[in-house]
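Undergrad: turn this into a model:
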Amino acid sequence: MRWAWSTLFSHLLMNAAPMHLWAQRLCWATMSACVTPTVAAQHNAASEPDSVHTILFEVSVADNAHHSYLFGTHHAFGEQFLDTMDLALEKLRTCDVLVVECIGSAEAVVNARGTRTDWSAYLSPKDLAYLRELFTTSDVQLDLLTPTELHAALARYHAMKNCKARSATDSSRTLDDAIIDLAVEAGMELVGLETAEAQLELLRKDVEGMPRKVHARRLAAAIAQIRSGGTKGCNEVQRYASVQWDLHLHAPCTNTLMLTERNARWMERIGPLLHERSCFIAVGLSHLMYDCGLISELRERGFRVEPVPLRSSE
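TA: Down below sits the predicted model:
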């Protein structure tokens, strides 16, 4: 299987460990004070159940003709899954701006490095030989990855291969890449919320100070899981595939660095855009969840966010 790295970092966020709640909410960059939620927005948030059985949401605001959409992606999935999302594709074509996490390539950043990792300090000879074979067709050089980046890559590979997030006919493109390609074909404007460099730096900070022995144990366990064909942790993939997802909108956010602070920075870009253009915002589903997610943040600012059913039975 050919490795696709453009959204590798973001997949790690789907399994981010819970951290303390970052309580302060930021305001739009163009406003001097936070907007008090409208009555409609307050009712919208209070009455919606966590299990909405969709990954698509319509975003609107009073006295504004622009209608936009939030689409929660899972970076282990590919274009075949997108082909089943007819309504999401239809809504994509009604917008003139596509907003994604990152447009740049992480492969280029990694391959430009001058520092190589001595994997003998982290991997057994048998595991290293297995990985070198696995990376034969990769766009990225194994020795230029960090242990944290390799672990994230293995987690996504496990979801793709063992959990069958990808079908046999899928190309190397991620779900996010496929959406970007469709937007380019349609002549839509592209907006990236972060650079690849910034994403990789956040990944480094998330495990800063982790001892080498812990890195080694994590890598050994991830490789053993892949080689054995084990399906531990595949419930997440199955729930996403069936769009049976709990958003936990009233629960504290689970990772300050990766979710809360990033969502707040993204809102500084997204908020003004939604007032001016019709946007299709495709980001990792975890960024829509919890009380710091984009759904909650938008409602706090007076936007109406409504789930859009993606299955005919809903």
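Undergrad: ranges for the helices of the stretch 101-250 of the chain?
TA: For the stretch 101-250 of the chain, the helices defined by DSSP state H, counting those that start in this stretch cover 106-111, 125-134, 147-161, 175-185, 196-206, 212-228, 235-241.
Undergrad: now the second one: mean pLDDT?
TA: What it means is helix 125-134. On average, the pLDDT along helix 125-134 is 96.
Undergrad: of the helices of the stretch 101-250 of the chain, which is nearest Ile55?
TA: Ranking the helices of the stretch 101-250 of the chain by distance to Ile55, with Cβ to Cβ as the measure, places helix 235-241 first at 7.5 Å. Heads up, the C-betas are built off the backbone N, CA and C, glycines and all.
Undergrad: what's that closest one in contact with?
TA: 14-15, 55, 74, 76-77, 81, 159, 163-165, 245, 285 (Cβ atoms under 8 Å, 6 or more residues apart in numbering).
Undergrad: and stretch 200-215, by the same measure?
TA: Counting by Cβ under 8 Å, 6+ apart, 9, 12, 16, 106, 109-110, 121-122, 146-149, 151-152, 255, 257-258, 262 sit against stretch 200-215.
Undergrad: filter these to the buried ones?
TA: 9, 12, 16, 106, 109-110, 122, 146-149, 151-152, 255, 258, 262 (16 or more other Cβ atoms under 10 Å).
Undergrad: least trustworthy position among those residues, going by pLDDT?
TA: Out of those, that is Ala16, at 34.
Undergrad: pull up the gap between Leu193 and Gly302, please.
TA: 21 Å (Cβ to Cβ, to the nearest Å).
Undergrad: before we move on, what about Glu201?
TA: 33 Å.
Undergrad: next: Leu131.
TA: Distance from Leu131 to Gly302, by Cβ to Cβ: 50 Å.
Undergrad: low-confidence ranges in the stretch 201-314 of the chain?
TA: Counting by pLDDT under 70, the stretch 201-314 of the chain shows low-confidence ranges at 311-314.
Undergrad: burial measure for the residue lying closest to Met85 once chain neighbours are set aside, as a count.
TA: In this structure, Met85 finds its nearest non-sequential neighbour in Leu310, 6.3 Å apart by Cβ to Cβ, 6 or more residues apart in numbering. Close neighbours of Leu310, defined as other Cβ atoms under 10 Å, add up to 17.
Undergrad: how many other residues sit next to Ile223?
TA: By other Cβ under 10 Å, the residues close to Ile223 number 23.
Undergrad: what's the closest non-adjacent residue to it?
TA: Ile223's closest residue in space is Asp127 (Cβ to Cβ, 6+ apart), at 4.9 Å.
Undergrad: so the one you found sits against Leu219, correct?
TA: Yes. When contacts are counted by Cβ atoms under 8 Å, Asp127 is listed as touching Leu219 (7.3 Å).
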